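1. task: produce atomic coordinates for the following.
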Amino acid sequence: VVCLSAAWADVSHLVTPEPKVPASPYVFSYQAGRAPGHVDRQHTEVSDGSGVIRGAFSYVDPKNQVRTVQYVADEHGFHPQLSHKLEDSAAVQAAKKRHFEAYNRIAQEHANPAPGQVALAHAPHASAAVAHATQKHLSAFERIAAEHAAIGRQQEAQRLALAAQSEHGDVDDGQYHP
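-> Below is the predicted model:
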């Protein structure tokens, strides 16, 4: 018999939100090349300070064609527009074909389980090793949680004892109290 228990702890006090820093407007641009006087890439970007960024970059591809990407980046994401339609190489086409063949085969197997095979929706289960590791983790968690609770009770008792002494003036804090 495996008994699993879960514990919940509020850790929201551990997360410190990042302060919002207002965006500042900026503009930059550069050109570069592999040889003096030869430009084979460039980039320009402009931000109006409202969080919207517009830009473009160009480069010379291995086939000596200039490729340009114009983009807008805003709260909804990065939106590129390409100057040329992308074409898959023969290797990429072959990899895509193998991927879709494997995907379709697996989808078919999962849609029609073999006789005697459990349908995939009911199949997930923990192996003996996973069940053992899970139980070991939960046992350690419960032990640590109990230790922390005991420490908390001990500290609270000490705090209450100190507060009771303070009310009666029995605390020697090194200060003069007439």
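
2. so Tyr71: helix, strand or coil?
-> State at Tyr71, reduced to three classes by DSSP: H, G, I helix; E, B strand; the rest coil: strand.

3. ok, and the closest non-adjacent residue to it?
-> Pro80 (4.5 Å; CB to CB, 6 or more residues apart in numbering). Any C-beta I mention is one placed from the backbone N, CA and C, and that applies to glycine too.

4. pretty sure that neighbour sits against Ala73.
-> No: the pair Pro80 / Ala73 is not scored as a contact, 9.2 Å apart, by CB atoms under 8 Å.

5. who's more crowded, those two?
-> Neighbour count, other CB atoms under 10 Å: between Pro80 and Ala73, Ala73 has more, with 16 against 12.

6. next up, the contacts around that one.
-> By CB atoms under 8 Å, 6 or more residues apart in numbering, Ala73 lies in contact with Val52, Ile53, Arg54, Gly55, His79.

7. wait, the third one touches Tyr71, no?
-> Right, Arg54. Yes: using CB under 8 Å, Arg54 is in contact with Tyr71, at 7.2 Å.

8. do a quick rundown of the strands in this structure.
-> Ranges of strands in the chain, per DSSP state E, are 26-32, 41-47, 53-60, 66-74, 77-82.

9. mutual contacts of Arg54 and Tyr71, please.
-> Residues touching both Arg54 and Tyr71 (CB under 8 Å, 6+ apart): none.

10. name the helix or strand of the protein that has the lowest mean pLDDT.
-> Lowest mean confidence among the helices and strands of the chain (mean pLDDT, DSSP states H and E): helix 128-167, at a mean of 90.

11. buried set for it?
-> Across helix 128-167, burial judged by 16 or more other CB atoms under 10 Å covers Leu138.

12. got it, and stretch 55-67?
-> Quick answer for stretch 55-67 (16+ other CB under 10 Å): Gly55, Ala56, Phe57, Ser58.

13. got any ranges where the protein has weak pLDDT?
-> In the predicted model of the chain, residues 1-15, 114-124, 167-178 satisfy pLDDT under 70.

14. so how far is Gln70 from Asp43?
-> Heads up, residue 43 is His, not Asp. His43 sits at a distance of 11 Å from Gln70 (criterion: CB to CB, to the nearest Å).
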